[in-house]
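J.: Return atomic coordinates for the entry below.
(chains A and B)
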Amino acid sequence: MTATLDPTSGELAVAESLPATTLPTKDPSLRPVPHAKLGGLPLDNRFLTWGARFAALGMAWVITQRLLPWHGLGWFVVVFALCNVLILAVGTAIFDTNVAVADRVAQWTVSSAAVFVFVALGSVIVYVLHKGWPALHHLNFFTHDMSGVSAKDPLTKGGIKHAIAGSAIQIGIASLISLPLGVGTAVFMNEVGGRFAKVVRTVVEAMTALPDILAGLFIYTVWIIAFGQPKSGFAAALAISVMMLPIIARASDVVLRVVPGTLREASYALGASRWATVWNVVLPTARSGLATALILAIARGVGETAPVLITSGNTPFLHLNPFDGVMTSLPLFIFDGARSGQEYAIQRAFGAAAVLLVLVVVLFATARYLARPASNKPTLLRRLRSSAGGFRLRSPLNMRPATAPGSTVMPVTPPASNEGTL
Amino acid sequence: MTTLPLSDHKSNPQPPASPRRISRKPTGGDAVFAQTFRAIGASVLLITGGIGVFLAYQSIPTLRHYGVSFFTEHQWDVGHDVLGIAAVLSGTVTIALVALVIAFPLAIATALYITEYAPPKLRSTFVAAIDLMAAIPSVVYGLWGVFLIQPHAVYFSLFVQRTFQPLLVHGTLRLVVILVMIVGLVAGLGMRFIMQIKNRWLWLPFGVAIAAAVALLPLVTVVDADPNAAVPDMTRYTASAFIAGILVAMMVMPMGCSVIRQVFSQTPEGEKEAALALGSTKWGMIRAVVLPFGKGGVIGGTMLALGRALGETMAVVMIVSPDYVIKGRIFEIGSQSVASLIASQFAEAQGVQVSALLAAGFVLFVLTLIVNTLAAIVVNRSRSGAETS
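T.: Numbering: from 1, shown residues only, chains lettered A, B, ... in the order given. A predicted model of the protein is given here:
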């Protein structure tokens, strides 16, 4: 209010003539304007997208089934894709500029290439699991080895116990060798440093892309030719560890690099030696990252075929001594089965491939889970607990960080006696 | 009350205070720590760096036995002691190039899709899927290729054969076309680098060269079989470099894609938004900002993929039928790469053949090392550029 009080008259001075704020009046005839949708395409574009898809389906059917002798699903998909992009381009050109046409066509191309890649990946997984199922649902596939089983015997006889055991032993030995060496190298590159560490880092980086067969050749020349040892599971494990070593070293290097320097300095300031700092501060901080590095390396190592082919060999028997005699592994079993040309051997190979694939996917998912960024979102377990405790799942109280007073699970609970004073 | 200690200067003179010597050199337990881990680093260097040294040492007897003919001879005839890696090397490069032709567009498109087009919530899932694709064992891809892809890919090969066979140029015309291509290429390069011409006239010689190359394309695609037979001989189209290339592409694509994606995702957000604010479409923004910015990463990622493709073993072993001839006909049965030669011959090899295989391995080692090092340099340069800009 800008009206002034006149002391002489004792009442408001001519309120109408003075400028005053007026409240806006509500006009009932006006409708509220909806918010503009920022994401997504406008209606006409969406119509064009879907219209082009349906029209292309029809055109593809007419072309492949009625006009041209291009039968089969492959041709249908190809013709459908071409018709789709053609209709999309023409449709956009009708009511938009050439720039927009290029934009739509580019988006279509990029998206369908990505769809193609993901379909290819999905087809690998689905196909291997589907073909492996006949072998997998026999229990003896996991509990028997192939001794005394010929390639023509049905799937109710024989199994891959020896291959699983061989893979486990080889990967175990390879991890035992490459984990300390790999993490040690990463510690050296980060904590000791110097010019020599740069050389080591360069070589390790170059070795990550080493063809796997060369690792096998290397162990063959050193372990079997130079040292005169026989082909064995241990030689295969050595070859696998040569492949795993650079992977672990590089991944741990990345993880150790992001350990905050202040933590190290705090440890040194407390008088800890360098080894004590590494052992008690640096490595525990990076624990989940190191676990991820190891798991990723195992996922790579368990599928290595070529080095094992050279340094060990295939055998139908369960063989547990890694130092004497050839020891088969899952990839080798798959390779041999696929080459044999016998129907049941191929089915067994697919079964083993399904086992290997599931193993790799599980290892990979574990690594992703361990390496996930820390988030404030309640974990699945916590959400389950809170829902069991009668809280609404999406209640705002539960979305707060764990230390907030409303959360149901508190990592640090204050003693009960203090509650009154807080 | 605190009492200060009495200091008796006269009876107990102290030396003047001097600064303690400070050294970065570790002492005592720290020195043991540093030396121990230096030794670990050195042993890893020895193991990984030793591969080249050992293979080189083991290949000396081979080179002494066969001489230069080891590199120029195309046959690998164990029975007649005629061993050479010319055909195998050309096969390696052919398969890797086929893989790259397939994988390169897919890698770029997938990287672009993940960084630019994918819904933000699904982005990390797609990244994980690509990483998983890289982690699937090659022998599993091999099974997939042999039993699912090959039976369908042969019909594609047959289609290509039927389409391109009539377009094959023969005799003198072929020579003329090859000459035209070389002349166009040389003229174009000369205009660009010696005469420093950078305008649209540059397209003329390069266009001629590209047209000639397209005219020669049937040389690569043709198969030595009758395309119009009533019952086409499908075995002529199996086990080819093309099908092996598909599998190798599946394996190297994720690797190239993740390198390219990382570079794309480092594109400065401000420049992207500036392009959009100036009215550019998404594709215009990608062309003007993302692609030029990620050029180094695209080249480096592709070369890394090439390095992997040169060394892929199991897919090639499982698909191709060995054929020791230098040939460009990628859709025809038979090819061989260095890695698959080693894997398939090693079990039966004896004496000097083992040494020859080790020498072939050494050549592969040198080849991949060069490609990978160049790729690493290119990628690192593009990354350091990203930090300064």
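J.: where does the residue lying closest to residue A:349 once chain neighbours are set aside fall, phi/psi-wise?
T.: Nearest in space to residue A:349, with sequence neighbours left out and distances taken as CB to CB, 6 or more residues apart in numbering or on different chains, is residue A:337 at 2.9 Å. Yep, even glycine has a C-beta here, placed from its N, CA and C like the rest. Geometry field for residue A:337 lists phi and psi as phi -60, psi -40, criterion degrees, to the nearest 10.
J.: ok, residue A:337 to residue A:348 distance?
T.: Noted for residue A:337: a distance of 5 Å to residue A:348, by CB to CB, to the nearest Å.
J.: Settle it for me: which of those two has more neighbours?
T.: Shown here are residue A:337 and residue A:348; by other CB atoms under 10 Å in any protein chain shown, residue A:348 has more neighbours (31 against 27).
J.: Give me the mean pLDDT for the one helix or strand residue A:355 maps to.
T.: Using DSSP states H and E, residue A:355 sits in helix A:343-371. Mean pLDDT, helix A:343-371: 89.
J.: Please name every helix or strand in contact with that helix.
T.: Packing contacts for helix A:343-371, counted by 3 or more CB pairs under 8 Å, 6 or more residues apart in numbering or on different chains; DSSP states H and E, involve helix A:98-136, helix A:287-302, helix A:330-340, helix B:123-135, helix B:138-144.
J.: Can I get these in TSV including mean pLDDT?
T.: As requested, the helices and strands packed on helix A:343-371 are arranged in TSV below (pLDDT from 0 to 100):
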stretch	mean pLDDT
helix A:98-136	93
helix A:287-302	89
helix A:330-340	89
helix B:123-135	90
helix B:138-144	92
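J.: what inclination does the helix holding residue A:355 have with respect to helix A:330-340?
T.: Angle of helix A:343-371 versus helix A:330-340, following axes from the mean of the first three to the mean of the last three CA atoms, to 10 degrees, is 150 degrees.
J.: Distance from helix A:343-371 to the middle of the chain?
T.: Chain-centre distance of helix A:343-371: 15 Å, with CA atoms, centre = their mean, to the nearest Å.
J.: closest to residue B:42 out of the helices and strands packed on helix A:343-371?
T.: Judged by CB to CB, the one of the helices and strands packed on helix A:343-371 that comes nearest to residue B:42 is helix A:287-302, at 20.9 Å.
J.: so residue B:57 is in which element?
T.: Using DSSP H and E, residue B:57 falls in helix B:29-58.
J.: List the buried residues in that helix.
T.: The neighbour-count check on helix B:29-58 (16 or more other CB atoms under 10 Å in any protein chain shown) flags B:33-34, B:37-38, B:40-42, B:44-45, B:47-52, B:54-55, B:58 as buried.
J.: Against which helices or strands is it packed?
T.: helix A:161-187, helix A:195-207, helix A:212-219, helix A:233-257, helix A:274-277, helix B:352-388.
J.: and the residue in the stretch 101-250 of chain A that chain B sits nearest to, what does it touch?
T.: Nearest residue of the stretch 101-250 of chain A to chain B: residue A:211, at 2.5 Å (CB to the nearest CB). Residue A:211 makes contacts with B:308, B:310, B:311, B:312, B:313, B:339, B:364, B:365, B:368, as judged by CB atoms under 8 Å, 6 or more residues apart in numbering or on different chains.
J.: For it, what are phi and psi?
T.: Torsion angles, degrees, to the nearest 10, at residue A:211: phi -60, psi 140.
J.: got a list of contacts for stretch A:163-180?
T.: Here stretch A:163-180 has contacts from A:142, A:233-234, A:236-238, A:240-241, A:244-245, A:248, A:294, A:297-298, A:301-302, A:308, A:312, A:318-320, A:322, A:327-333, A:352, A:355, B:40, using CB under 8 Å, 6+ apart.
J.: From those residues, list just the buried residues.
T.: A:233-234, A:236-238, A:240-241, A:244-245, A:248, A:294, A:297-298, A:301-302, A:308, A:312, A:318-319, A:322, A:327-333, A:352, A:355, B:40.
J.: just to revisit the earlier point, ok, and of the contacts of residue A:211, which contact chain A?
T.: Counting by CB under 8 Å from any CB of the partner chain, B:308, B:310, B:311, B:312, B:313, B:339, B:364, B:365, B:368 from the contacts of residue A:211 sit close to chain A.
J.: list the contacts for the fifth one?
T.: With contacts defined as CB under 8 Å, 6+ apart, the neighbours of residue B:313 are A:211, A:212, A:213, A:305, A:306, B:138, B:339, B:340, B:342, B:343.
J.: returning to what we had before: identify, out of the helices and strands packed on helix A:343-371, the most deeply packed stretch.
T.: Mean neighbours per residue, mean count of other CB atoms under 10 Å in any protein chain shown, is largest over the helices and strands packed on helix A:343-371 for helix B:138-144, with a mean of 26.
J.: With residue A:183 as the reference, name the closest of the helices and strands packed on helix A:343-371.
T.: helix A:287-302 (6.2 Å).
J.: then that closest one to PDB, C-alphas only?
T.: The C-alpha atoms that make up helix A:287-302 are tabulated as PDB, following Å, rounded to 0.1, in the frame of the first residue of the first chain:
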ATOM      1  CA  ARG A 287      39.100 -53.400  -2.300                       C
ATOM      2  CA  SER A 288      35.900 -53.500  -4.400                       C
ATOM      3  CA  GLY A 289      37.800 -52.200  -7.400                       C
ATOM      4  CA  LEU A 290      40.500 -54.800  -7.100                       C
ATOM      5  CA  ALA A 291      37.800 -57.500  -6.800                       C
ATOM      6  CA  THR A 292      36.300 -56.200 -10.000                       C
ATOM      7  CA  ALA A 293      39.700 -56.400 -11.700                       C
ATOM      8  CA  LEU A 294      40.200 -60.000 -10.600                       C
ATOM      9  CA  ILE A 295      36.700 -61.000 -11.700                       C
ATOM     10  CA  LEU A 296      37.000 -59.400 -15.100                       C
ATOM     11  CA  ALA A 297      40.300 -61.100 -15.600                       C
ATOM     12  CA  ILE A 298      38.800 -64.500 -14.600                       C
ATOM     13  CA  ALA A 299      36.000 -63.900 -17.000                       C
ATOM     14  CA  ARG A 300      38.500 -63.400 -19.700                       C
ATOM     15  CA  GLY A 301      40.800 -66.200 -18.600                       C
ATOM     16  CA  VAL A 302      38.100 -68.900 -18.300                       C
END
